[in-house]
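In: 3D model of this:
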Amino acid sequence: MPERELPRLPTHLLVQEQDSVLNQVNDRLSQCAYDFIAKYQFPIPLTHDARPVERPQDREWAEWVYLLKRLATKRRIPARVLYDGQIKQFVTVLENSLEMRHSAAKNGGRPLKDDRNILQQISAGIQVAKILKDAQAMDYLDRLY
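Out: The predicted model follows:
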């Protein structure tokens, strides 16, 4: 059977609007991670090329994900501090929350994403906030959704 072209899925947001929404998700999740790490006083390793963390914006969401995954896999995060003790699901939820941006996004050459993909990113962010027991972040992301 010959391959046929896949149908286009609906998009209603412009690229700039998509970027704005995804930036809001990433910023709120960075705040969520920062608050969680500060609350439980988990160590943030210093790297030679990064400045010390004094506020959530000092690291990108991907860097917070890396740190949280590392803490979880090295069993530094006790299951009791996560919602419903979901330590095993935590790493998967973190990975799902990462936005796979094409490198062209900075150049404005990134293709438009399906609206469902944007909703999926927000939903993954809500799951991260839930596991980290951050009701304010959940509410913010839910309103964004």
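In: and the lengthiest helix in the chain, what does it pack onto?
Out: Secondary structure assigned by DSSP state H gives helix 15-40 as the longest helix of the chain. Based on contacts counted as 3 or more Cβ pairs under 8 Å, 6 or more residues apart in numbering; DSSP states H and E, the elements that helix 15-40 packs against are helix 61-73, helix 115-131, helix 135-144. (Each C-beta comes from the backbone N, C-alpha and C, glycine too.)
In: using CSV, list the CA coordinates for the last one.
Out: This file holds the C-alpha atoms of helix 135-144, laid out as CSV (Å, rounded to 0.1, in the frame of the first residue of the first chain):
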residue,chain,number,x,y,z
ALA,A,135,-1.1,23.4,44.7
GLN,A,136,-0.4,27.0,43.5
ALA,A,137,1.5,25.7,40.5
MET,A,138,-1.2,23.2,39.8
ASP,A,139,-3.8,26.0,39.8
TYR,A,140,-1.7,28.3,37.7
LEU,A,141,-1.1,25.6,35.1
ASP,A,142,-4.7,24.4,35.2
ARG,A,143,-5.8,28.0,34.4
LEU,A,144,-3.3,28.1,31.6
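In: which strands and helices sit next to it?
Out: Other helices and strands packing on helix 135-144, by 3+ Cβ pairs under 8 Å, 6+ apart, are helix 15-40, helix 115-131.
In: ok, residues contacting that helix?
Out: For helix 135-144, contacts defined as Cβ atoms under 8 Å, 6 or more residues apart in numbering pick out 21, 24-25, 28-29, 31-32, 122, 125-126, 129-130.
In: that one versus helix 115-131: what angle between them?
Out: Relative orientation of helix 135-144 versus helix 115-131 (axes from the mean of the first three to the mean of the last three Cα atoms, to 10 degrees): 170 degrees.
In: out of the helices and strands packed on helix 15-40, which is closest to Asp84?
Out: Taking Cβ to Cβ, helix 115-131 is the member of those nearest to Asp84, at 8.1 Å.
In: please work out the average pLDDT along that closest one.
Out: For helix 115-131, mean pLDDT is 94.
In: how far off centre is it?
Out: Offset of helix 115-131 from its chain centre (Cα atoms, centre = their mean, to the nearest Å): 8 Å.
In: what number of residues lie near Gln86?
Out: Applying other Cβ atoms under 10 Å, we find 14 residues neighbouring Gln86.
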